[in-house]
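In: no FASTA, just this:
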């Protein structure tokens, strides 16, 4: 099938200027992405407005729409274009086709995969080609090149991988499904492409609700606190520096600057609270929500979704883990109890088997705990600034979720300012746009009084607390939507 890929590559290269016209549904997808924008602004505020799922899908749609808007006026730079040098003998990795958009100078990188199952390689290879471009042109960002993976079929897991890369890789990806007819020579071998049609796949809906919800669940955040005895002269400037540093490191989260007002006073009452999503904790939360979804007795999809969303902000099962090697669930507490029971019953062999099962798996929970230390990387970049401007400070790492849900925190502390970084920053601004777009008399449909200034509101602590409540389905406006806990048929409350 490598020969088939070569034929498709040559066919497209010869027609690169007409490539957009070979994609039969470009306008259809472009209009769908634009229509989604209007749908986003019409989301019912009685359900709390845009959910985490809505916000992240909007980010995917917006990025791919940018890619589509420059998908025209292409010029061929080369085929089998060597973007990487491995230093090894033999054939070097090369992009099937490299083309550039003449007006904006944006690279388009088509990658053709025809072998069954080979489409899984597309993400890896396109990532390597992006690295090759960045090695040549320092400062080249993801927005400067668009991935165009082409295959006869795309599996669900690969499409979900594209959605993930669009969100976290901050790039446009335009996957194409290819339908091709070949001409054959006298010996029956493939000799040419006689007809080729491309269909653009819209991956906006490949992002699952559970994964989106987990990115903003309170218990998925790790934190680092920097506490000082004296107030900072310009906390907004320091918040922005923290946010810039964290964004560059690929983190997503928020920064609070608050002052302790309780009695007795802390030795360091002025605090910068830095919180970032821990991807392993988010994976555990996603698995919890998946279990809730699968085990629900509720048939109606919307009511079932409501039931699942009730548990986004809750810390659920301490004894649930995931085996990194197999991806299987591990019920730690249940296995420990079963081992103890087997031992009490004199079944030593079964007890040893269960304990070995506990020893042999690679714990995602343990990795999540270790990964919380990555905020230390942010601190190392802040250290020189702290030592320059502050004579004394202390570090801490309280539970961000427990602190923000504790009523005593709001009672004893005054949050002065808030900042955001990474994907959370984008989601916050999308939420603000929704509120201002649907405002009446200066009041948003959910947030309430807006004050007419989005830049002021984005750093307003009251907006932050409302946003986190909304993402965790604990906002007052969601009470009617959440409703009372469902009771399974035949069971009494």
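Out: Here it is on my side, so go on. Since the structure is predicted, the reported quantities are computational estimates derived from the model, not experimental observations.
In: and the longest strand out of those in the chain, what does it pack onto?
Out: Taking DSSP state E as the assignment, the strand of the chain that covers the most residues is strand 190-200. Secondary-structure packing of strand 190-200 (3 or more Cβ pairs under 8 Å, 6 or more residues apart in numbering; DSSP states H and E): helix 2-14, helix 19-22, strand 176-184. No exception for glycine: its C-beta is placed from N, CA and C like everyone else's.
In: could you give the angle of the longest one to strand 176-184?
Out: So the one you mean is helix 2-14. Per axes from the mean of the first three to the mean of the last three Cα atoms, to 10 degrees, the angle that helix 2-14 makes with strand 176-184 is 110 degrees.
In: neighbours of the nearest residue to residue 418 once chain neighbours are set aside, how many?
Out: Sequence neighbours aside, residue 464 is the residue nearest to residue 418 in space, at 4.3 Å (criterion: Cβ to Cβ, 6 or more residues apart in numbering). Neighbour count of residue 464, defined by other Cβ atoms under 10 Å: 21.
In: use 513 as the first number from now on
Out: OK, 513 is where the count begins now, so the last one is residue 976.
In: dump the residue contacts of residue 976.
Out: Taking Cβ atoms under 8 Å, 6 or more residues apart in numbering, we find residue 976 in contact with 766, 768, 927, 930.
In: now do the SS call for it.
Out: helix (DSSP: H, G, I helix; E, B strand; the rest coil).
In: confirm that residue 943 sits in a helix.
Out: Yes: looking at residue 943 with three-state DSSP, it is inside a helix.
In: count the neighbours of it for me.
Out: 24.
In: verify the contact between it and residue 562 for me.
Out: Yes: when contacts are counted by Cβ atoms under 8 Å, residue 943 is listed as touching residue 562 (6.2 Å).
In: next secondary structure element downstream of the longest strand of the chain?
Out: helix 721-726 (DSSP states H and E).
In: low-confidence stretches in the stretch 713-862 of the chain?
Out: Along the stretch 713-862 of the chain, segments meeting pLDDT under 70 span 776-778.
In: which stretches of it form helices?
Out: Taking DSSP state H, counting those that start in this stretch as the criterion, the stretch 713-862 of the chain carries its helices at 721-726, 747-760, 791-807, 813-821, 844-856, 860-872.
In: what would those helices look like in JSON lines with distance to residue 900 and mean neighbour count?
Out: Putting these into JSON lines (distance: least, Cβ to Cβ, whole Å; neighbours: other Cβ atoms under 10 Å) gives the following:
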{"stretch": "helix 721-726", "distance to residue 900": "38", "mean neighbour count": "22"}
{"stretch": "helix 747-760", "distance to residue 900": "11", "mean neighbour count": "18"}
{"stretch": "helix 791-807", "distance to residue 900": "32", "mean neighbour count": "19"}
{"stretch": "helix 813-821", "distance to residue 900": "45", "mean neighbour count": "16"}
{"stretch": "helix 844-856", "distance to residue 900": "46", "mean neighbour count": "15"}
{"stretch": "helix 860-872", "distance to residue 900": "48", "mean neighbour count": "13"}
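In: same list (those) but as JSON lines, adding distance to residue 890.
Out: JSON lines is the format used below for the helices of the stretch 713-862 of the chain (distance: least, Cβ to Cβ, whole Å):
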{"stretch": "helix 721-726", "distance to residue 890": "22"}
{"stretch": "helix 747-760", "distance to residue 890": "5"}
{"stretch": "helix 791-807", "distance to residue 890": "15"}
{"stretch": "helix 813-821", "distance to residue 890": "31"}
{"stretch": "helix 844-856", "distance to residue 890": "31"}
{"stretch": "helix 860-872", "distance to residue 890": "34"}
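In: out of those, which comes closest to residue 988?
Out: helix 813-821 (15.3 Å; Cβ to Cβ).
In: tell me the angle that closest one makes with helix 791-807.
Out: 140 degrees.
In: helix 813-821 - contacts with which helices or strands?
Out: Using 3+ Cβ pairs under 8 Å, 6+ apart: helix 813-821 touches helix 721-726, helix 791-807, helix 991-994.
In: quick revisit: and the pLDDT at the residue nearest to residue 930?
Out: On pLDDT, residue 976 comes in at 94.
In: same check, this time on residue 603
Out: Taking residue 603 on its own, its pLDDT is 55.
In: and residue 994, by the same measure?
Out: 68.
In: ok, now the one 5 residues further on?
Out: Residue 999 carries a pLDDT value of 62.
In: do residue 953 as well
Out: 87.
In: can I get the helices and strands packed on helix 813-821 in JSON lines with distance to residue 571?
Out: Formatted as JSON lines, these follow (distance: least, Cβ to Cβ, whole Å):
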{"stretch": "helix 721-726", "distance to residue 571": "10"}
{"stretch": "helix 791-807", "distance to residue 571": "16"}
{"stretch": "helix 991-994", "distance to residue 571": "23"}
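In: the residue lying closest to residue 664 once chain neighbours are set aside: neighbour count?
Out: Distance criterion Cβ to Cβ, 6+ apart; nearest residue to residue 664, sequence neighbours excluded, is residue 690 at 5.5 Å. The tally of other residues near residue 690 (other Cβ under 10 Å) stands at 18.
In: so residue 690 bridges to which residues?
Out: Judged by DSSP bridges, the bridge partners of residue 690 are residue 710.
In: domains of the protein?
Out: What automatic domain parsing lists as the domains of the chain is 514-716, 725-792+882-994, 810-877.
In: ok, which of those comes nearest residue 799?
Out: Using Cβ to Cβ, the domains of the chain put domain 810-877 closest to residue 799, at 5.9 Å.
In: next, the buried residues of stretch 653-661.
Out: 654, 656, 657, 658, 659, 660, 661 (16 or more other Cβ atoms under 10 Å).
In: what's the farthest-apart pair in the residues you listed?
Out: Farthest pair in the buried residues of stretch 653-661, by Cβ to Cβ: 656 and 661, 17.8 Å.
In: which ones are touching residue 805?
Out: So residue 805 contacts 722, 816, 820 (Cβ under 8 Å, 6+ apart).
In: considering those, which is situated nearest to residue 960?
Out: Nearest member of those to residue 960, counting by Cβ to Cβ, is residue 820, at 27.2 Å.
In: residues touching that closest one, list them.
Out: 721, 722, 801, 804, 805, 808.
In: quick one: these as a markdown table, columns for distance to residue 703 too.
Out: Below are those laid out as a markdown table (distance: Cβ to Cβ, whole Å):
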| residue | distance to residue 703 |
| --- | --- |
| 721 | 48 |
| 722 | 48 |
| 801 | 52 |
| 804 | 55 |
| 805 | 51 |
| 808 | 55 |
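In: what does the longest strand of the chain contact?
Out: So strand 702-712 is in contact with 515-516, 519-520, 522-524, 534-538, 541, 662, 686-697, going by Cβ under 8 Å, 6+ apart.
In: buried subset of those?
Out: 516, 519-520, 523-524, 534-535, 537-538, 541, 662, 686-690, 692, 694.
In: quote the end-to-end distance of stretch 909-920.
Out: The straight-line separation of the ends of stretch 909-920 (Cα to Cα, to the nearest Å) is 18 Å.
In: what of stretch 826-845?
Out: 19 Å.
In: dump the residue contacts of residue 916.
Out: Contacts of residue 916 by Cβ under 8 Å, 6+ apart are 730, 977, 980.
In: now do residue 938
Out: Counting by Cβ under 8 Å, 6+ apart, residue 938 has contacts residue 571.
In: same check on residue 577?
Out: Here residue 577 is in contact with 542, 545, 546 (Cβ under 8 Å, 6+ apart).
In: measure residue 621 to residue 828 for me?
Out: Residue 621 is 42 Å from residue 828, where distance means Cβ to Cβ, to the nearest Å.
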